[in-house]
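Peer 1: okay, structure incoming, though there's no sequence with it:
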């Protein structure tokens, strides 16, 4: 199956490296995490540059920018 074209809104599995993992000496994230592709752009060579953001259920420990999303469920 071919990979989908990268576009905002795509959810993918990513080995996100948290800052505390990096500070502890890790070079790769501990586990694969769902991330949202939030921005794509092309550089001067036409190469696609993608920006992703982690999707998590835990509250951030810092007061940086966050986006709250609500999980919608349906009842049978």
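Peer 2: Yes, it's here. As the structure is a prediction and not an experimental result, all values here were calculated from the model.
Peer 1: which residues touch residue 21?
Peer 2: By Cβ atoms under 8 Å, 6 or more residues apart in numbering, the residues touching residue 21 are 29, 30. C-betas here are computed from N, CA, C, even on glycine.
Peer 1: checking it next. Helix, strand or coil?
Peer 2: The local conformation at residue 21, judged by DSSP: H, G, I helix; E, B strand; the rest coil, is helix.
Peer 1: confidence score at it?
Peer 2: The model reports residue 21 with a pLDDT of 91.
Peer 1: from here on, count from 620
Peer 2: Sure, I'll start numbering at 620, so the last one becomes residue 640.
Peer 1: gap between it and residue 683?
Peer 2: 17 Å (Cβ to Cβ, to the nearest Å).
Peer 1: in the sheet, who's paired with residue 653?
Peer 2: residue 632 (DSSP bridges).
Peer 1: my guess is it meets residue 630, correct?
Peer 2: Yes. Using Cβ atoms under 8 Å, residue 653 is in contact with residue 630, at 5.7 Å.
Peer 1: mutual contacts of those two, please.
Peer 2: Common neighbours of residue 653 and residue 630, using Cβ under 8 Å, 6+ apart, are residue 674.
Peer 1: can you list the low-confidence ranges for this protein?
Peer 2: Counting by pLDDT under 70, the chain contains low-confidence ranges at 688-695.
Peer 1: got the residue ranges for the strands in it?
Peer 2: 630-633, 652-661, 667-673 (DSSP state E).
Peer 1: nearest to residue 679, of these?
Peer 2: Checking these against residue 679 by Cβ to Cβ gives strand 667-673 as the closest, at 10.1 Å.
Peer 1: what is the closest one packed up against?
Peer 2: With contacts taken as 3 or more Cβ pairs under 8 Å, 6 or more residues apart in numbering; DSSP states H and E, strand 667-673 sits against strand 630-633, strand 652-661.
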